[in-house]
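A.B. asks: what would the 3D arrangement of this be:
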Amino acid sequence: MIDMLVVGGGYVGLSLAVAVKQAAPHLAVEVLEAAPEDAWRNDGRASAIIAAASQLLDILGVWQDIEPEAQPITRMVVTDSRTGDPVRPVFLTFAGEVTEGKPFAHMIPNLALVGALRQACERLGVTIRHRTTAAGFSAGSTHVDVTLADGSPLQARLLVACDGVRSKLRDMAGIKTVRWDYGQSGIVTTVEHERPHEGCAEEHFLPAGPFAILPLKNNRSSLVWTERTADADRLVRADDLVFEEELERRFGHKLGRLTVVGDRRAFPLGLTLARDFVAPRFALAGDAAHGIHPISGQGLNLGFKDVAALAETIVEADRLGLDIGSLTILERYQTWRRFDTFRMGVTTDVLNRLFSNDIGPLRLMRDFGLGLVERMPKLKDYFIGEAAGLTAKNNPRLLAGQPI
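C.D. replies: Below is the predicted model of the structure:
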């Protein structure tokens, strides 16, 4: 019998498997991944990893493999303007370090992140099954019976769904969600530019939504470009000349000539919050538990917080000789994570509604607020600490840079 079966072989599923197997090597851990074995090598995107998450990855033994590809964010600039404005006044700037020499976040290519986690799985003896997923399951008193897509059965003491924001397993478990659509899509791509970005990240609040420029190695930047869904679809389908012209209107010319070097894709944006994170012998983690707006860059990092809390819950229960799949044990994880997730969901929802418009009185109010924060260094330090994930008093050990 498998002790923990993880469905979903992305960063959250893999890091959870590594965290549990590293701390409890005797536990049998398997991962089901619907994609072919080498599909992850085609992911040209990048992700923002906060300081607390990099500490987790360090304890998992993978940060040394990721760090050469990681670009520290040394500075953050926030503007609020219209697309056609000739000048974009800077309302807010953040220094990029939480302590000397420790940036509050890094930008990491997904290829480097997933590759390092897969190597760790292989090193620790975590089995990854490709081209398969769970087609159904039923929980009993001592284990959960899982039926794979090909009809073959598996048994596990605990089933963890890391299968994304449209989680089929969440629906099978009967877990309801709070969900709505923003009518926006996020265009994601990578650009190369002539001049160096010097590690500076920029968030331009435009009427259609935020336009984020996130620094990568080698004079490249990752873009998260929010537009109304119809406009985003049109831009993704447009020819290169139209796309790059619209891109330059938003990006500007401060870094010289731009060249799009990555695929451009549009992802619909909305808010999805699971009403429960657990059920008997079943837990949600990552986007299966929560999908939020990328305005704060915290989506993936919420998933790493889930990993740290769930892994610690499972390992400590196992060390005490308790049943890792019992609802009583899993409810500790739910209590640990649900409030923080709800708070972040509400925060990103309010920020998106406040900034994704061109309403005069709201513009005055938000620009006054940004300017006020700019003049309060202690408040800025608090916000950076919060963004880095280092200020929470009840952080799981992995996020604090401590082994379980």
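
A.B. asks: so residue 198 sits in a strand?
C.D. replies: No - with DSSP: H, G, I helix; E, B strand; the rest coil as the criterion, residue 198 is located in coil rather than a strand.

A.B. asks: tell me who's in contact with the nearest residue to residue 196 once chain neighbours are set aside.
C.D. replies: In space, and not counting its chain neighbours, residue 196 is closest to residue 219: 5.8 Å by CB to CB, 6 or more residues apart in numbering. C-beta here means a position set from N, CA and C on the backbone, and glycine is covered the same way. When contacts are counted by CB atoms under 8 Å, 6 or more residues apart in numbering, residue 219 touches 192, 193, 194, 195, 196, 197.

A.B. asks: thought residue 307 was touching residue 399, still the case?
C.D. replies: No - using CB atoms under 8 Å, residue 399 is not in contact with residue 307; the gap is 9.2 Å.

A.B. asks: show me the common contact partners of those two, please.
C.D. replies: Taking CB under 8 Å, 6+ apart as the contact rule, residue 399 and residue 307 both touch residue 56.

A.B. asks: more neighbours: those two, which one.
C.D. replies: Legend: neighbour count by other CB atoms under 10 Å for residue 399 and residue 307, higher for residue 307 (30 against 25).

A.B. asks: quick one: contacts for that one?
C.D. replies: Shown in contact with residue 307 (CB under 8 Å, 6+ apart): 12, 15, 16, 19, 56, 285, 286, 398.

A.B. asks: report the separation between the last one and residue 317.
C.D. replies: Distance from residue 398 to residue 317, counting by CB to CB, to the nearest Å: 16 Å.

A.B. asks: likewise for the first one?
C.D. replies: In this structure, residue 12 lies at 20 Å from residue 317, with CB to CB as the measure.

A.B. asks: settle it for me: which of those two has more neighbours?
C.D. replies: Set residue 12 next to residue 317 and count neighbours by other CB under 10 Å: residue 12 wins out with 27 against 21.

A.B. asks: any low-confidence regions in this structure?
C.D. replies: Filtered on pLDDT under 70, the chain yields the residue ranges 84-89.

A.B. asks: what's the longest helix in it?
C.D. replies: Determined from DSSP state H, the single longest helix within the chain is helix 327-355.

A.B. asks: any idea which helix or strand comes after that helix?
C.D. replies: helix 360-374 (DSSP states H and E).

A.B. asks: which positions within that following helix qualify as buried?
C.D. replies: By neighbour count with 16 or more other CB atoms under 10 Å, helix 360-374 contains the buried residues 363, 366, 367, 370, 373, 374.

A.B. asks: again, but for stretch 64-75
C.D. replies: Going by 16+ other CB under 10 Å, stretch 64-75 has these buried residues: 65, 66, 67, 69, 70, 71, 72, 73, 74, 75.

A.B. asks: closest one of those to residue 174?
C.D. replies: residue 66 (37.4 Å; CB to CB).

A.B. asks: gap between that closest one and residue 119?
C.D. replies: Taking CB to CB, one finds residue 66 at 11 Å from residue 119.

A.B. asks: returning to what we had before: farthest pair within the contacts of residue 307?
C.D. replies: Applying CB to CB across the contacts of residue 307, the maximum distance is between 286 and 398, 15.1 Å.

A.B. asks: from residue 26, how far out is residue 324?
C.D. replies: 12 Å.

A.B. asks: those two: which has the busier surroundings?
C.D. replies: Counted by other CB under 10 Å, residue 324 and residue 26 do not tie: residue 324 has more neighbours, with 20 against 7.

A.B. asks: all helices for this protein, in order.
C.D. replies: Using DSSP H, helices in the chain cover 11-23, 51-59, 63-66, 110-124, 168-172, 229-237, 240-251, 299-319, 327-355, 360-374, 377-388.

A.B. asks: output these as TSV; include the columns distance to residue 264.
C.D. replies: Below are the helices of the chain laid out as TSV (distance: least, CB to CB, whole Å):
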stretch	distance to residue 264
helix 11-23	22
helix 51-59	26
helix 63-66	25
helix 110-124	16
helix 168-172	28
helix 229-237	5
helix 240-251	7
helix 299-319	19
helix 327-355	22
helix 360-374	29
helix 377-388	27
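
A.B. asks: which one of the ones you listed lies nearest to residue 291?
C.D. replies: Taking CB to CB, helix 299-319 is the member of the helices of the chain nearest to residue 291, at 7.2 Å.

A.B. asks: in the closest one, what's buried?
C.D. replies: 299-318.

A.B. asks: need the contact partners of stretch 163-170.
C.D. replies: So stretch 163-170 is contacted by 7-8, 10, 133-134, 137, 159, 161, 177, 272, 274, 282, 284, 286-288, 291 (CB under 8 Å, 6+ apart).

A.B. asks: skip the chain neighbours and tell me the closest residue to the residue nearest the centre of the chain.
C.D. replies: Closest to where the C-alpha atoms of the chain average out (CA atoms, centre = their mean) is residue 300, at 1.0 Å. Excluding its sequence neighbours, the residue lying closest to residue 300 (CB to CB, 6+ apart) is residue 47, at 5.0 Å.

A.B. asks: what number of residues lie near that neighbour?
C.D. replies: As a burial measure, residue 47 scores 21 neighbours (other CB under 10 Å).

A.B. asks: contacts only, for residue 254.
C.D. replies: Contacts of residue 254 by CB under 8 Å, 6+ apart are residue 195.

A.B. asks: how about 10 Å then?
C.D. replies: 193, 195, 197, 200, 202 (CB atoms under 10 Å, 6 or more residues apart in numbering).
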